[in-house]
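Novice: For reference, the sequence and a predicted model appear below.
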Amino acid sequence: MEHYVLIKFRPGYLSEDKINKIKTVYAEMKANIDGIEEIYVEQNCVERNVNMDLMIRILFSHKKQLDIYLKHPLHMDLADDMNPHIMQRVSFDCRPQK
């Protein structure tokens, strides 16, 4: 299963240091949560008011891994840090393309 999250942050929050921290935490999640096959963290490269700032794509080996990931302490700590700065968040889950 593929899990996508697109996030729009309050202006001034998303710095290079924040991006690096987010990527580091997601790398730790990949190493510590069984069933995560791939994680991609991408910053938007085109500034427009309608664009999101960050996209996270996670490939899980099974749909049940999503719930494990969402409740994992690494995810919860990162969410606690980011949530006050999020203006908009969208998630989308689908089967991988073959």
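Specialist: Cool, the structure landed. Numbers count the residues shown, from 1 in each chain.
Novice: Kindly state the beta-bridge partners for the residue positioned nearest the centre of the chain.
Specialist: Geometric centre of the chain, nearest residue: residue 56, 3.6 Å, by C-alpha atoms, centre = their mean. Applying DSSP bridges to residue 56 gives these bridge partners: residue 5, residue 41.
Novice: where do the helices sit along the protein?
Specialist: Listed in chain order, the helices of the chain (DSSP state H) span 16-32, 65-71, 73-82.
Novice: for residue 97, what are its contacts?
Specialist: If you count contacts by C-beta atoms under 8 Å, 6 or more residues apart in numbering, residue 97 has none. Yep, even glycine has a C-beta here, placed from its N, CA and C like the rest.
Novice: quick one: residue 29 and residue 38 touch, right?
Specialist: No. Look at residue 29 against residue 38 with C-beta atoms under 8 Å: they stay out of range, at 11.5 Å.
Novice: which of these two has more neighbours?
Specialist: residue 29 (18 against 11; other C-beta atoms under 10 Å).
Novice: now the closest residue to residue 34 other than its chain neighbours: how far from residue 2?
Specialist: Distances taken as C-beta to C-beta, 6 or more residues apart in numbering put residue 65 closest to residue 34, at 7.4 Å, once the chain neighbours are dropped. Going from residue 65 to residue 2 by C-beta to C-beta, to the nearest Å gives 12 Å.
Novice: re earlier: export the helices of the chain as JSON lines, with columns for distance to residue 47 and mean pLDDT.
Specialist: Below are the helices of the chain laid out as JSON lines (distance: least, C-beta to C-beta, whole Å; pLDDT from 0 to 100):
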{"stretch": "helix 16-32", "distance to residue 47": "15", "mean pLDDT": "96"}
{"stretch": "helix 65-71", "distance to residue 47": "29", "mean pLDDT": "96"}
{"stretch": "helix 73-82", "distance to residue 47": "19", "mean pLDDT": "97"}
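Novice: Residue 95: which of the ones you listed is closest?
Specialist: Residue 95 sits nearest to helix 65-71 of all the helices of the chain, at 12.7 Å, using C-beta to C-beta.
Novice: give me the number of residues near residue 31?
Specialist: 10.
Novice: Begin at 26 from now on, thanks
Specialist: Sure, I'll start counting at 26 from here, so that last one is residue 56.
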